[in-house]
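Asker: Below: sequence and its predicted model.
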Amino acid sequence: MSNTIAVVFGTRPEAIKMAPVVKELERRGVGHSVIVTAQHRGMLDQMLEVFAIKPAHDLNVMLHNQDLFHVTTAVLNQIKPILAAERPGALLVQGDTTTTFAASLAAFYLKIPVGHVEAGLRTWNKYDPFPEEINRQLTTRLTDLHFTPTEWGKRNLLAEGVNPSAIFTTGNTVIDALLMTVDPAYVFADPILKSIDFQKRKVILLTSHRRENFGEPMREIFRACRELVESHPDVELVYPVHPNPNVQSSAKEILAGVPRVHLIEPMDYRPFVQLMNKSTLILTDSGGVQEEAPSLGKPVLVLRNTTERPEAIEAGTGILVGTDRVRIVKEATRLLTDSAAYADMSTRINPYGDGKAAGRIVDVLLKHIS
Ligand code: UD1
Ligand code: UDP
């Protein structure tokens, strides 16, 4: 077993949330090796470029419209020889994707300790979010060092019998990434974004991609968005559409060609952060976006029926509206037209951290891996 640290990730959000840890390992000169599964190809490459990360290994597993069996088995089989040859002192995984779970399982089979960044999130609903809830529960079972963003996550892990001395409350690294990236002087290169007058218009930013929302729930979200734009002439909606074919087809069916609706490609993280910062209101089913938006003072309507992030709802920075068209339209209309309600939500404190999570994680790793 060597004293280097292997870091694995495969999707856009894992890359964003792991980047601050990789940068901290680089800054302190800690021996490490980055393995990407490329469960996402284009969206991962965007993030590797933004954060200037050069992977030592690239498993290149993505297939068009892949299923969970493919991702699980490809990651498990392809990471095996790398971990077996390098035998790192620990493998660091992040979050709840299939990359996270399959890589943790591979490390366990090889008796390599696992460190889990963003541990302890739970809905306790097997199929919501699917398959993330089970990915993170199984990853917890395989993990030796649990890095949880908040006290709530710590309590969840303790209730499941995790050894208290193996749990470290660090804040969420997504805030580190955000603070590294936000730039009020940024000017959009994209002609569509450049053409929007953010002073005069109210801009709704939409992101939606969750598997459990595919089909009718996602279509209801999109119908609500269309209704909002059609009934408010001063509103523009920007939706960087996730490349998942199930998302693309519903988005095109309901939102393509609607005036003041801009369907664009997934954005690089840097312009996306500035777009969040210039928007009036954010509608999302994304985990990361709900965590970031409060740091920019942006109210979030969470397009999901369950949440593993109740801190945001309790802090009042987000409202869990589900996928019901009428409810989405009602809550969004209130925030677009009631300035007191808007001001109240946009001035709450972000519960997800202070931007120093990566340093705390590396401190713990250095103490435990030597
Ligand atoms: C995955 C994660 C989800 C995470 C989301 C973040 C799993 C099972 N799902 O969902 O937890 O919230 O990423 O975005 O781990 N595609 C491309 N280019 C890309 C990325 C995806 O074309 O850069 C298309 C491909 O056709 C691919 C499909 O999207 O097969 C689905 O990708 P996949 O990673 O399986 O699922 P996501 O819905 O992206
Ligand atoms: N994001 C981005 N470009 C986009 C949309 C999102 O860079 O066009 C970032 C966003 O700031 C957040 C992360 O991607 O940090 C969220 O990823 P996603 O919604 O795909 O996954 P989730 O967080 O739901 O797992």
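Answerer: Done, it's in. Ligands and ions are numbered 1, 2, ... in the order given.

Asker: In contact with the residue in the stretch 101-250 of the chain positioned nearest to ligand 2, which residues?
Answerer: Closest to ligand 2 within the stretch 101-250 of the chain is Pro240: 3.4 Å, counting by C-beta to the nearest ligand atom. Every residue, glycine included, has its C-beta placed from N, CA and C. Contacts for Pro240 (C-beta atoms under 8 Å, 6 or more residues apart in numbering) come out as 207, 264-267, 272.

Asker: Check those residues for burial and list the buried ones.
Answerer: Burial by neighbour count, 16 or more other C-beta atoms under 10 Å: within the contacts of Pro240 this picks out 207, 266-267, 272.

Asker: Mind checking which of the residues you listed land in strands?
Answerer: For the buried ones among the contacts of Pro240, membership in strands holds for Thr207, with DSSP state E as the criterion.

Asker: need the buried ones among the contacts of Pro240 in TSV with pLDDT and distance to ligand 2, can you?
Answerer: Formatted as TSV, the buried ones among the contacts of Pro240 follow (pLDDT from 0 to 100; distance: C-beta to the nearest ligand atom, whole Å):
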residue	pLDDT	distance to ligand 2
Thr207	98	5
Pro266	96	4
Met267	97	4
Phe272	97	4
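
Asker: Now distance to Val36 too, for the buried ones among the contacts of Pro240, in JSON lines please.
Answerer: Putting the buried ones among the contacts of Pro240 into JSON lines (distance: C-beta to C-beta, whole Å) gives the following:
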{"residue": "Thr207", "distance to Val36": "22"}
{"residue": "Pro266", "distance to Val36": "17"}
{"residue": "Met267", "distance to Val36": "20"}
{"residue": "Phe272", "distance to Val36": "20"}
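
Asker: Closest one of the buried ones among the contacts of Pro240 to ligand 1?
Answerer: Distance to ligand 1 across these (C-beta to the nearest ligand atom) is lowest for Pro266, with 7.1 Å.

Asker: got a list of what the closest one touches?
Answerer: For Pro266, the contacting residues are 12, 42-43, 46, 240-243, taking C-beta under 8 Å, 6+ apart as the criterion.

Asker: Would you mind naming what in this structure lies close to ligand 1?
Answerer: Residues of the chain found near ligand 1 (C-beta under 6 Å from any ligand atom) are 11-13, 39-43, 62-66, 68, 71, 97-98, 131-132, 209, 243-245.

Asker: now those: which count as buried?
Answerer: Those of the residues of the chain next to ligand 1 that meet the buried threshold are 11-13, 39-41, 43, 62, 71, 97-98, 131-132, 209, 243, by 16+ other C-beta under 10 Å.

Asker: Mind checking which of those residues are in helices?
Answerer: Secondary structure assignment (DSSP state H) places 12-13, 43, 71, 98, 132 from these within helices.

Asker: now those in a markdown table, with pLDDT?
Answerer: Conversion of those to a markdown table gives the following (pLDDT from 0 to 100):
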| residue | pLDDT |
| --- | --- |
| Arg12 | 97 |
| Pro13 | 97 |
| Met43 | 96 |
| Val71 | 98 |
| Thr98 | 98 |
| Glu132 | 97 |
